[in-house]
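> sequence first, predicted coordinates after that:
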Amino acid sequence: MNHLNHLPYELISSILSYVDKQALFTCALVDKSFYKITLPLLWQKLEIDTQDTLHTMTRILEASTSSSSDTVLGERVRSVRIKARISDDDLLAFIKHIPLVTDLSLDYASHISDDSFVQVADLVPHLTHLYIWNADITQRSMEAIGHFPLQQLTLLSCHELNYNMFASLTRCSSTLTSLDIRNCSLHGLETPDTAQQAVANLMALHHLTSFQIYCPSHDYSPFINALFVDLPSMAPWPELTYLDLSPCHDVTDTMAIALLQSQPKLTQVGLCDSQITDKTLDAIATYLPEVAKVDVTCNPGITPDGLRRLVKTCRKLETVDCDNCEIYPEDFPELDYYKMGVEFKFSDDEPISQVYSLMGGAFDSDVDSDSDADADFDAHNEQ
């Protein structure tokens, strides 16, 4: 076969899907056939670094829409990441030309307000993945966001939201599988009554497989405590595999173990800044057979022996994060440094090395088999 255009369209398209964008531009110049194949790939995923680039893209899309050509470039776009700080007008002028986009990331949304977000829902109704960082959006925007068929929602450093955001998300409860909230101010979660309402609405998101809330600068203990009480009894998330909660100031071993028993499919679990001890580590080994990642940062109640048992027992474990748990390299004299993460901290102006993570299988050796690890764990439980 001498001519590439004799290859099936689908085969060439599949091959080019693995080519980086710069190479795709070159491929588009091969001939008309390659141009036709590469065009959707070039416009399928856009990353926009500057405001000028956004303005240029907007002009190109507008010209494509108004031309007599059969190719409307905006209808090719499925994923957009905007890394530049843009205004409401910039966002709306651009987004109206990409009606079929499903994945939208706004990395610097500090100049985006409710006024644009309430219109975005009408302009891109097929959105399934939404990432927003540093936006001053309020409950008005959350009401609009709730109309999307969202599968994944990530909110970072959004400080004008409140506990009612969970009620808004119940509108997409049949599709939402991942909810990630970090460093956001959610007013009302610090009050028991409104925190309980938020938990009740969160429980209505029955298809969640991943939930994270990380707000170290806020004490949402009423919300976290209600979650630990209600989750084991209601078991609303039968497919949950990722759960990361921080801070968990009032969470005890009893609360943590009850939650772990109710979520046996967890493969990643984070219980940070709590009152848990080795009892919870042993419960992870007992109730989470598929666990791969564990984060117990800022839990001084755990011990090197508890971590050793966890790593030895959980054969699929990849990492254990244990930063700020007062765990030191000398606690594991049998380990090489490359099997643990170590950093220097200062105490009384003296540098001290502390362990912030352990690798899965760190304690494996030629003489330490799976049965040996099980025997260690059983022996501890009998004590």
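Received it, and whenever you're ready, just let me know what you need. Numbering: from 1, shown residues only.
> distance-wise, check the nearest residue to Ile95 once chain neighbours are set aside relative to Arg76.
Excluding its sequence neighbours, the residue lying closest to Ile95 (C-beta to C-beta, 6 or more residues apart in numbering) is Leu123, at 5.4 Å. Every residue, glycine included, has its C-beta placed from N, CA and C. Leu123 sits at a distance of 16 Å from Arg76 (criterion: C-beta to C-beta, to the nearest Å).
> pull the longest strand from the chain.
strand 350-359 (DSSP state E).
> how about that strand as CSV, C-alpha atoms only?
The C-alpha coordinates for strand 350-359 follow below in CSV (Å, rounded to 0.1, in the frame of the first residue of the first chain):
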residue,chain,number,x,y,z
GLU,A,350,17.2,22.0,65.8
PRO,A,351,16.5,20.1,62.6
ILE,A,352,14.6,16.9,63.2
SER,A,353,13.9,14.3,60.4
GLN,A,354,10.3,13.0,60.4
VAL,A,355,8.6,10.4,58.3
TYR,A,356,5.7,11.8,56.2
SER,A,357,4.9,8.7,54.2
LEU,A,358,5.5,5.0,53.9
MET,A,359,5.6,2.9,50.7
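> can you list contacts of it?
Residues outside strand 350-359 that contact it (C-beta atoms under 8 Å, 6 or more residues apart in numbering): 307, 311, 318-324, 326-329, 331-332, 339-346.
> how about it: buried residues?
By neighbour count on 16 or more other C-beta atoms under 10 Å, the buried set for strand 350-359 is Gln354, Val355, Tyr356, Ser357, Leu358, Met359.
> any idea which helix or strand comes after the longest helix anywhere in the chain?
Ordering each helix of the chain by length in residues (DSSP state H) puts helix 51-66 first. Later in the chain than helix 51-66, the nearest helix or strand by DSSP states H and E is strand 79-82.
> what's the following helix or strand after that following strand?
With DSSP H and E, the next secondary element past strand 79-82 is helix 88-95.
> for that next one, buried residues please.
Asp88, Asp90, Leu91, Leu92, Ala93, Phe94, Ile95.
> which elements pack onto that helix?
Helix 88-95 sits against helix 51-66, helix 114-123, with contacts defined as 3 or more C-beta pairs under 8 Å, 6 or more residues apart in numbering; DSSP states H and E.
> where does this protein dip in pLDDT?
1-41, 67-71, 347-348, 366-383 (pLDDT under 70).
> grab the most central residue of it for me.
Geometric centre of the chain, nearest residue: Asp180, 5.2 Å, by C-alpha atoms, centre = their mean.
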